[in-house]
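>>> this one's sequence-less:
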């Protein structure tokens, strides 16, 4: 049940960018427990704050796709491993849009209460993104 | 059962550095399926190759500790989330030993066959390590 909710959440909210559907998935408070490098790390977000995080996060690669690799389910949480890709169409960490396809992998634990998502703990391979952006920049000089 | 094996594996091999015990845990072939930034990514290791990976990896922070945060178990695999810390006592990516404590988080899926570990899929927050090393270097100039 939680796994199916999450698959739908990832597809609709993060892949399609349908932020208006966020309220179907998340609890009144959504906590970014751990997400090093994410500007919202440590914050408790309400629905508007969560929608803003999705909108801002997706702006640098609006065609982004999280491809779920594996799903692990515990009683009140689900851990996903994933591969991400997207076209670099907005500024990332002072690197201007390049139009290149970027790739990243990561793992996210989502916490649930009454079938609503209350927050996440995430690690993403941001160093690979940094290396890809540096490589692109070096080719453009 | 697999979770207990992994807890013992992490403690003995990675935390204590008892490489001679590696054969109790890993299969004849150990595959590094995915581990961006790890020099052994994509390789199939035999026991000697695996021991070498542990020895070389631990040299930069011999007192390192993987603190397991959560454990998720599927039929043939286990996913761990973890917090890592260690004292920077060997060169890392051209940064000389600083004696400072470094911190990192990550998530690792370990695959099993007949209660032996056949390989892993891992994401570690190497960008945080890079930022810590840069910060240390900037203070030493």
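The structure has been received and is ready for your questions. A quick note: this is a predicted structure, and the numbers were derived from the prediction, not measured.

>>> ok, residue A:115 - how many residues close by?
Residue A:115 has 10 neighbours, counted by other Cβ atoms under 10 Å in any protein chain shown. Using the backbone N, CA and C atoms, a C-beta is placed for each residue, glycine as well.

>>> oh, I was asking about residue A:7
By other Cβ under 10 Å, neighbour count at residue A:7 equals 14.

>>> just the element for it, please.
According to DSSP states H and E, residue A:7 maps onto helix A:2-9.

>>> check whether that helix contacts chain B.
No - Helix A:2-9 stays clear of chain B (Cβ under 8 Å from any Cβ of the partner chain), getting no nearer than 11.3 Å.

>>> who does that helix touch, helix- and strand-wise?
strand A:65-73, strand A:77-87, strand A:101-113, strand A:116-124 (3 or more Cβ pairs under 8 Å, 6 or more residues apart in numbering or on different chains; DSSP states H and E).

>>> can you say which of those strands is packed in most?
Neighbour counts (mean count of other Cβ atoms under 10 Å in any protein chain shown) averaged over each of the helices and strands packed on helix A:2-9 peak at strand A:116-124, with a mean of 22.

>>> and the next helix or strand along the chain from that one, what's buried?
Downstream of strand A:116-124, the first helix or strand assigned by DSSP H and E is helix A:126-140. Going by neighbour count (16 or more other Cβ atoms under 10 Å in any protein chain shown), the buried part of helix A:126-140 is A:126-133, A:136.

>>> which of those are close to chain B?
When the buried residues of helix A:126-140 are checked against chain B using Cβ under 8 Å from any Cβ, the ones in range are A:126-128, A:130.

>>> and the least confident helix or strand in chain A by mean pLDDT, how far from the chain's centre?
The helix or strand of chain A with the lowest confidence, counting by mean pLDDT, DSSP states H and E, is helix A:126-140 at a mean of 93. Distance of helix A:126-140 from the chain centroid (Cα atoms, centre = their mean, to the nearest Å) equals 20 Å.

>>> do the same with stretch A:102-110
Averaging C-alpha positions (Cα atoms, centre = their mean) puts stretch A:102-110 7 Å from its chain's average.

>>> please see if it touches chain B.
Yes - using Cβ under 8 Å from any Cβ, stretch A:102-110 reaches chain B at A:105-107, A:109.

>>> cool, stretch A:70-88 as well?
Yes - with Cβ under 8 Å from any Cβ as the measure, stretch A:70-88 is seen reaching chain B through A:70, A:72-74, A:77, A:79, A:81.

>>> cool, stretch A:28-37 as well?
Yes - using Cβ under 8 Å from any Cβ as the criterion, contacts between stretch A:28-37 and chain B involve A:34, A:36-37.

>>> what are the buried residues along that stretch?
For stretch A:28-37, burial by neighbour count (16+ other Cβ under 10 Å) applies to A:30-32, A:34-37.

>>> let's test this: mean pLDDT of it, rounded?
Mean per-residue pLDDT for stretch A:28-37: 97.

>>> then stretch A:53-69?
In the prediction, stretch A:53-69 has an average pLDDT of 97.

>>> C-terminal to the strand or helix carrying residue A:29, what's the next element?
Using DSSP H and E, residue A:29 sits within strand A:26-34. Of the helices and strands lying after strand A:26-34 in sequence (DSSP H and E), the nearest is strand A:44-45.

>>> partners of that following strand, with directions?
Here strand A:44-45 has these sheet partners by DSSP bridges: strand A:26-34 (antiparallel).

>>> from chain B, how far out is residue A:44?
20 Å (Cβ to the nearest Cβ, to the nearest Å).

>>> if that residue is in a bridge, with which residues?
Applying DSSP bridges to residue A:44 gives these bridge partners: residue A:31.

>>> who's in contact with it?
Shown in contact with residue A:44 (Cβ atoms under 8 Å, 6 or more residues apart in numbering or on different chains): A:29-31.

>>> how about the closest residue to residue A:47 other than its chain neighbours, phi and psi?
Spatial nearest neighbour of residue A:47, excluding adjacent residues (Cβ to Cβ, 6 or more residues apart in numbering or on different chains): residue A:23 at 5.5 Å. Taking degrees, to the nearest 10, you get phi -60, psi -20 for the backbone angles of residue A:23.
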